[in-house]
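Colleague: Compute the structure for the input listed below.
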Amino acid sequence: MELKIMKTHDIQSSYPPLRGLKLAALALGSGLILAGCAGNPPTEQYAVTQSAVNSAVSAGGTEYAAVEMKSAQDKLKQAEMAMHDKKYDEARHLSEQAEWDARVAERKAQAAKAEMAVKDSQKGVQELRQESQRSAQPVQ
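Modeller: Model (predicted):
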């Protein structure tokens, strides 16, 4: 009996160029997909920020929290410029910062108004006490 050895071709040796091409295509496709996701303008975040800035102004932020309001308004303008230049990641980041600055300004304004209301109430209570003490004293 004679034993014959069959030679087989190494399948892997004929495919490396195609494998490299597939990997390159996959990497390119993934990069395009990620770039497409990063390329969307943050219009929703920008609208939320504009609303927060408007609420802070309505609450009296420019009067009671001027530093925070100025920061929020400046960052909102920078975000708008970044969106115009299609720097969407930067625009989103600035817009988020502006939103939080505006929310801080709004809370500070609300706190200052509440503190003023408490002081007014305390003053009113003090006046009532003084009035009641005067009326309780006998007239001579």
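
Colleague: make it CA atoms for all contacts and neighbour counts henceforth
Modeller: Will do.

Colleague: List the contacts of Asn40.
Modeller: With Cα atoms under 8 Å, 6 or more residues apart in numbering as the criterion, the residues that contact Asn40 are Tyr88.

Colleague: switch to 10 Å and redo it
Modeller: For Asn40, the residues meeting the contact criterion (Cα atoms under 10 Å, 6 or more residues apart in numbering) are Met83, Lys86, Lys87, Tyr88, Asp89.

Colleague: what stretches of this protein score poorly on pLDDT?
Modeller: Under the criterion pLDDT under 70, the flagged ranges of the chain are 1-38, 138-140.

Colleague: Which residue lies nearest the spatial centre of the protein?
Modeller: Taking Cα atoms, centre = their mean, the centroid of the chain lies closest to Glu96, which sits 2.0 Å from it.

Colleague: shouldn't that one be in contact with Thr43?
Modeller: No: Glu96 is beyond contact range of Thr43, at 11.7 Å (criterion: Cα atoms under 10 Å).

Colleague: list residues touching both of the two?
Modeller: Common neighbours of Glu96 and Thr43 are listed as Thr49 (criterion: Cα under 10 Å, 6+ apart).

Colleague: Using CSV, write out every CA atom in stretch 68-83.
Modeller: Taking C-alpha atoms only, stretch 68-83 is exported to CSV below (Å, rounded to 0.1, in the frame of the first residue of the first chain):
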residue,chain,number,x,y,z
GLU,A,68,-23.8,84.6,36.7
MET,A,69,-26.1,86.3,34.2
LYS,A,70,-23.2,87.9,32.3
SER,A,71,-21.4,84.6,32.2
ALA,A,72,-24.5,82.8,30.9
GLN,A,73,-25.2,85.4,28.3
ASP,A,74,-21.5,85.4,27.1
LYS,A,75,-21.3,81.7,26.9
LEU,A,76,-24.6,81.6,25.0
LYS,A,77,-23.1,84.0,22.4
GLN,A,78,-20.0,81.9,22.2
ALA,A,79,-22.1,78.8,21.6
GLU,A,80,-24.0,80.6,18.9
MET,A,81,-20.7,81.6,17.2
ALA,A,82,-19.4,78.0,17.6
MET,A,83,-22.6,76.6,15.9
